[in-house]
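Peer 1: Predicted model and sequence follow; I will ask about them next.
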Amino acid sequence: MENNKKNVVKTLCRMCDDHCGINVYLENDEIVDIDGSNHYWNRGRICVKGRAGVDLFNGKDRILKPLKKVNGKFVEIGLEQALNEISKKVLKIKEEYGARSFGIWKGEAVGFAQQEELARRFIHAFGSPNYFSNDSQCFVGRWIGYSLVAGAWMAQPDFENSKCILLWGANPPNAHPNMTQYIMRAKGKGAKIIAIDSRLSHIARQAHVFAQVRPGTDGALAHGIMRLLIERDGIDKEFIRKYTQGYDKLKEYVKEFTDEYVERETGVDRNILHQIVDFIIQGRPHVINYVGNGLEHHENGINNIRACACIDALVASFDQKGGNFMPEGFGQRKLTLYDELPLTHLKPIGADKFPVLYEYRQECHTMTAMNTILSQDPYPLKGMIIIGANPALTNPNTKKVVKALKSLDLLVVRELFMSETAELADYVLPAASYLERSEMHCHGMHQVVALTNRICTIPEVQDEYQFLHDIAHSVGIGEYFPWENEDKLNEWLVEPTDVSIDILKQNPEGYQYKPLRYKKWEEKLNNGEKPFNTKSGKIELYSEYLDSLGYDGLPVYKSPDYIENKDDEYPYTMITGARKLIYYHGRNRNFKRFRTAIPGPEVELHPVDAAKLNVKDGDAVIITSQIGSLEIPVKIRHEKEIMPGMIQITHGWKEANVNLITHDDRFDPIDGFPLMKSVKVKIEKKEK
C-alpha cells in the first residue's frame, strides 16, 4: 500500500460543511484513499464520512453522462445537445411568462459560499429574483436569530478556550466530529459542558449537565436562565449599558419565568436550572451558547434562538476569547448582484409573507414556491434548475413537492447520483464532486482561507462555474460570466485582498489572512464606529426592526401547539432530524459500507410507549399526522434517552420518508421555517 500513496494531493473535504484538510492518494491517476492532513481546523483527524470521499468519486452509480427524459425514460445524450436544448427551453419560458417565472435552487451537496454565490449571480443576471436553497429550512434560522440580536451568526465559537459551553439542540459528535475535539479539549482544561436537548445524545453523555427539555421549549429555559442571572447579579452591567438596547424591557419580561413555570413548561428540574446558572456565572465572560438546528424547526424557533443569544449579551461573551467569536472576513469580491440588480420589484417568492427571511438572506421561500407552482399565484413559476438538492426527499409534505415539481414546464437537475428529485427531471446533468472543483473556503474560527485542488476531471462532467457560464452565454447574459474557467474566477475573487492565488496554492492546508482579535466592539466604539452589525449598531435585546414589522420586539416565548392544544387523536409528539454520523441529511445512503452499518430507517420510542403499543424492536408501525402517513420499523430506546410521549425519526430515508408527515403549512412567523420537530402524530401497530 505504501507505493500507492506516493502521489498525494492536499485539498479540503466537502462530505459535510466542516471543510477538513485532507490528503488524497492517487495510483495511476485513480483516487484510492483519503485521510486527514494537518489543517488548522482538523489537525490531521478525519471522520468516516471524509474517508468515504473515495466512494463518492468512484461510485459505480455516479451519473457521468447527461440524461434526457424521452417517453418517461432517461436516455443518454451529448453535453452540447443537452445544454443547447435546455437553453432554448429556458428562453422559451422567459419569452412566454417573463424571466421571474424561472428559478434556481442550490443544494447542500455542492456547498455554500462560492457555489451559492454563482447560483445567485446567474438567476439575477437572467432577470429573476427567485433563488431557492435548502437554507430556507436549515441553518438560516440560527443565522437570522443571532443576526437580529448581535449582527452575526456564531458558527464557530472559540470552544477550546471556553470555560462554560451550552449546546442547545446540537450533537457535534454526529454532526461536526472535529468540533467535538475542541469541546473535549476545553473540558479537559476545566470547562463545564451543558447539553440541552430532548434526547440523550452522544454529547449529552459527555456533559456535566444534561437538561432534557420538551421539544420547542428552549426559549422558556433561556428566559429562566436570564432571570436568575439578573437576580443573582451574574451579568456584566457595564457591557449592557454601553453595548445593548432593550435591557430594561427584557429584565421586566423574564420575571415571568419563575423556577416553577420553567420546570412545568420544559420538564427541566429547577435544580438543574440553577446548576446551569452557577456554571455560567463561574465561567463568564468565557461562555458559549451554541445553537444547533434542533431549535429551528418549531413555530417559535426564531425567538427561542434570540433568547439564547440574549444570554451571551448579558454575560458579555460576544467576541471574547473563549466566547462566541466574531470572525473578520477575508475580503474577497462578491459574486452576487443584489446591489446592481436587486429585482425586488419583481416580487421574490415568499418575500411578502416572510420579509425578514428575504431582507436578511435574499432567500426565497421554498414551501411557498411549491404553492406558487401549483396555483400560479401571484405569477407563474414554470421552470427550475436544481443543483445538488433533493427537495422531493428533504422538503416537508413530500407529496405536494413531487406534484409541484412534476408540473413544471422544465426541470433540470444537476446531481452526482440519481435522486428522488432527479427522477422527476426533464434533464439530469452530471455534477462535479468537490474533488473536481477549485474554490475558496474560509474557517472563521481561525481566520484561515484555503483554495481547494481540482484532483481530477471527467469528460462531460462540468464544475458549477463552467455549467452556469455556458448556460449564461447561451441565454444572453454571458457578460456576467466573463471568466474563462474556475481558475480565472478565483484570481478575480482574491484581487482586492492581500493574499494572492500563488500564496493560496503554496498553503493548501490553509493561510491565516488575519490574526485573531477579540473584543473588536470595544475598538469600534472608541473609533466612533458601530460596535455591532445590527440595525442600531448595538446588541438588540429588543428589536425595533421586528416591532416595526408587527412582530414581537422582545424574544417573546410562545408555548408549542402540542402543549397548548393537546389533541387526543394525535397524542404523540414527533421530532425529526437527529443526525447519524455516517449520513449527511439525504446523502451517502448509496455507499455500501454505510448501509451495512445503519441499513434502514427507524422510529425511536420510549419503552413505556412501546408497551402501550405492544411493539418490540423491528415491528412495523404506521405514523400519521395531519399531513399524511408512513410505515416504519420500531427501535426502542433506553428510558433516559427519549421522553415518554415523544418519538424521533431521522430524515433522509426513501424507504420511510419522514417528510411525508411533516408540515408545509405551519411556520415560524419570522423566518418561515416549517414545523418539523414538534409534530403531533398518532401511532398504530401494523398487524401482520
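Peer 2: Perfect, thanks for sending it. Remember, predicted model here, so these are calculated numbers, not experimental data.

Peer 1: average pLDDT for stretch 483-501?
Peer 2: Per-residue pLDDT values over stretch 483-501 give a mean of 96.

Peer 1: repeat for stretch 565-585
Peer 2: pLDDT averaged over stretch 565-585 gives 93.

Peer 1: Give the buried residues for that stretch.
Peer 2: By neighbour count on 16 or more other Cβ atoms under 10 Å, the buried set for stretch 565-585 is 570, 572-579, 581-585. Glycine gets a C-beta too; all of them are placed from N, C-alpha and C.

Peer 1: ok, those vs Pro391, which is closest?
Peer 2: The nearest member of these to Pro391, counting by Cβ to Cβ, is His585 at 11.5 Å.

Peer 1: Touching, the closest one and Glu108? I think so.
Peer 2: Yes - using Cβ atoms under 8 Å, His585 makes contact with Glu108 at a distance of 6.3 Å.

Peer 1: Find residues that contact each of these two.
Peer 2: Residues touching both His585 and Glu108 (Cβ atoms under 8 Å, 6 or more residues apart in numbering) are 134, 138.

Peer 1: give the contact list for the closest residue to Gly329 other than its chain neighbours.
Peer 2: Nearest non-adjacent residue to Gly329, counting by Cβ to Cβ, 6 or more residues apart in numbering: Cys442, 7.7 Å away. Cys442 is in contact with 113, 327, 329-330, 448-449, counting by Cβ under 8 Å, 6+ apart.

Peer 1: Tell me the spacing between Cys442 and Glu540.
Peer 2: 26 Å (Cβ to Cβ, to the nearest Å).

Peer 1: With Ile196 instead?
Peer 2: 23 Å.

Peer 1: go on, Leu314?
Peer 2: 13 Å.

Peer 1: And Gly111, by the same measure?
Peer 2: Using Cβ to Cβ, Gly111 is found at 31 Å from Glu540.

Peer 1: neighbour-wise, which of those two wins?
Peer 2: Glu540 (27 against 20; other Cβ atoms under 10 Å).

Peer 1: contacting residues around that one?
Peer 2: Glu540 makes contact with 148-150, 244-246, 534 under the criterion Cβ under 8 Å, 6+ apart.

Peer 1: cool, and Ile582?
Peer 2: By Cβ under 8 Å, 6+ apart, the contact list for Ile582 reads 48-49, 52, 588, 594, 597-598.

Peer 1: ok, and the closest non-adjacent residue to it?
Peer 2: Closest to Ile582 by Cβ to Cβ, 6+ apart is Phe594, at 4.5 Å.

Peer 1: Pretty sure the one you found sits against Ala52.
Peer 2: Yes - the criterion here is Cβ under 8 Å, and Phe594 meets it with Ala52 at 7.0 Å.

Peer 1: Common neighbours of these two, please.
Peer 2: Joint contacts of Phe594 and Ala52 (Cβ under 8 Å, 6+ apart) are 582, 588.

Peer 1: Strands along the stretch 51-200 of the chain, start to end?
Peer 2: 67-70, 73-76, 102-106, 131-133, 164-168, 192-197 (DSSP state E, counting those that start in this stretch).

Peer 1: er, the stretch 201-350 of the chain actually
Peer 2: According to DSSP E, counting those that start in this stretch, the strands that the stretch 201-350 of the chain contains are 209-212, 244-245, 287-291.

Peer 1: counting contacts, what elements does the first one pack onto?
Peer 2: In this structure, strand 209-212 makes packing contacts with strand 192-197, helix 270-283, judged by 3 or more Cβ pairs under 8 Å, 6 or more residues apart in numbering; DSSP states H and E.

Peer 1: Tell me which stretches of the stretch 501-650 of the chain form helices.
Peer 2: If DSSP state H, counting those that start in this stretch is used as the criterion, the helices of the stretch 501-650 of the chain fall at 501-506, 520-526, 544-548, 561-564, 592-597, 607-613.

Peer 1: Look up how far Tyr146 lies from the residue nearest the centre of the chain.
Peer 2: Residue closest to the average C-alpha location in the chain (Cα atoms, centre = their mean): Phe139, at 3.2 Å. Look at Phe139 and Tyr146: by Cβ to Cβ, they are 11 Å apart.

Peer 1: where does Gly383 sit relative to Glu95, distance-wise?
Peer 2: The gap separating Gly383 from Glu95 is 12 Å, by Cβ to Cβ.

Peer 1: oh sorry, the question was meant for Ala316
Peer 2: The gap separating Ala316 from Glu95 is 58 Å, by Cβ to Cβ.

Peer 1: Those two: which is more packed in?
Peer 2: Neighbours per residue (other Cβ under 10 Å) separate Ala316 from Glu95, with Ala316 holding more: 24 against 9.

Peer 1: give me phi/psi at that one?
Peer 2: phi 60, psi 40 (degrees, to the nearest 10).

Peer 1: In this structure it contacts Phe239, no?
Peer 2: Yes - using Cβ under 8 Å, Ala316 is in contact with Phe239, at 3.8 Å.

Peer 1: host element of the nearest residue to Asp567 once chain neighbours are set aside?
Peer 2: Nearest residue to Asp567, sequence neighbours excluded (Cβ to Cβ, 6+ apart): Lys680, at 5.5 Å. Secondary structure assignment for Lys680, by DSSP states H and E: strand 679-685.

Peer 1: Show the average pLDDT along stretch 531-549.
Peer 2: Mean predicted lDDT for stretch 531-549 stands at 97.

Peer 1: likewise stretch 272-292?
Peer 2: So the average pLDDT for stretch 272-292 ends up being 97.

Peer 1: Stretch 99-113 now?
Peer 2: What stretch 99-113 shows for mean pLDDT is 89.

Peer 1: ok, now stretch 601-621?
Peer 2: Mean predicted confidence for stretch 601-621 is 97.

Peer 1: quick one: that stretch to chain centroid distance?
Peer 2: 30 Å (Cα atoms, centre = their mean, to the nearest Å).

Peer 1: Show me what counts as buried in that stretch.
Peer 2: 601-606, 609-610, 613, 615, 619-621.

Peer 1: so which of these would you say is closest to Leu166?
Peer 2: For those, the residue nearest Leu166 by Cβ to Cβ is Glu604; the value is 24.1 Å.

Peer 1: Could you measure from that closest one over to Lys580?
Peer 2: 12 Å.

Peer 1: Got phi/psi on the residue nearest to the centre of the chain?
Peer 2: Here is the backbone geometry of Phe139 (degrees, to the nearest 10): phi 80, psi -50.

Peer 1: Contact partners for the closest residue to it other than its chain neighbours?
Peer 2: Leaving out its chain neighbours, the residue that sits closest to Phe139 by Cβ to Cβ, 6+ apart is Asn293, at 6.8 Å. Asn293 is in contact with 138-139, 141-142, 169-170, 577, counting by Cβ under 8 Å, 6+ apart.

Peer 1: Many thanks, have a good one.
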